[in-house]
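[1] need coordinates for the following:
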Amino acid sequence: MSALDRYDRLFVIAAFLIHIVLLVFFAVRKWKFDTAMRFGWIVYALAVPAVIVSLVLVISGRPWYLWLAGFLYAAWSVLGYVVDIARPVAWRSPILWPVFIPYVLLYCSSLMFYWWPLRNIQRPLWFVYAGLFVISTILNIASHS
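    Below is the predicted model:
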């Protein structure tokens with residue numbers, strides 16, 4: 001990672017930090033649900049540094065596919081905070097489609113835009129992120145059952 005310029009390094013750090021926090025949250029939610037719910041707001045609060053990183057990338061003239069992820073993550077976080085914390089809605093079971101569709105699309109698209117650019121930055125990072133994505137997806141699904 002030392003060969004990367006500071007903006008690529010910033011993107012990589014943000015991508016992995018956010019995904020590792022998500023992975024830990026899903027693992028805790030699977031085995032210690034009450035604990036996870038007490039600290040779940042942190043997952044949504046990561047939108048603040050995500051937006052700051054995206055703004056830095058925009059101002060520095062980086063390509064759109066590097067800065068889009070932070071804004072998508074922020075949109076997902078706002079929606080998630082509203083429907084899960086501020087004004088809780090039972091949207092997961094049964095599925096409330098007007099909430100489910102944007103929630104899942106924003107979540108998946110934010111992670112994809114953190115993942116896909118890694119291929120051009122440093123291909124091994126792309127594979128590591130792919131592994132984290134698989135593990136976190138399994139934990140996410142398992143923690144809802």
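[2] so what touches the worst-scoring helix or strand of the chain on mean pLDDT?
    Ranked by mean pLDDT, DSSP states H and E, the weakest helix or strand in the chain is helix 33-39, scoring a mean of 89. Applying Cβ atoms under 8 Å, 6 or more residues apart in numbering, the contact partners of helix 33-39 are Phe25, Val28, Arg29, Ser143. Every residue, glycine included, has its C-beta placed from N, CA and C.
[3] list the buried ones in whatever helix or strand the second one lives in?
    Right, the one you point to is Val28. Element membership for Val28, per DSSP states H and E: helix 6-31. Buried positions in helix 6-31, judged by neighbour count with 16 or more other Cβ atoms under 10 Å: 7-8, 10-12, 14-16, 18-19, 22-30.
[4] and for Tyr103, nearest residue in space, chain neighbours not counted?
    Distance criterion Cβ to Cβ, 6 or more residues apart in numbering; nearest residue to Tyr103, sequence neighbours excluded, is Leu79 at 5.8 Å.
[5] report the contact partners of that neighbour.
    Contacts of Leu79 by Cβ under 8 Å, 6+ apart are Val99, Pro102, Tyr103, Leu106.
[6] and these, which is closest to Leu55?
    Leu106 (18.6 Å; Cβ to Cβ).
[7] among the contacts of Leu79, name the ones in helices.
    Among those, DSSP state H puts Val99, Pro102, Tyr103, Leu106 in helices.
[8] mind putting these into a markdown table with pLDDT?
    Compiled in a markdown table, these are given as follows (pLDDT from 0 to 100):
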| residue | pLDDT |
| --- | --- |
| Val99 | 97 |
| Pro102 | 98 |
| Tyr103 | 97 |
| Leu106 | 98 |
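[9] filter these down to the buried ones, PyMOL style.
    Selection of buried members from the ones in helices among the contacts of Leu79 for PyMOL, criterion 16+ other Cβ under 10 Å:
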select buried, resi 99+103+106
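[10] redo the ones in helices among the contacts of Leu79 as TSV? Include distance to Ile135.
    Formatted as TSV, those follow (distance: Cβ to Cβ, whole Å):
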residue	distance to Ile135
Val99	26
Pro102	25
Tyr103	21
Leu106	21
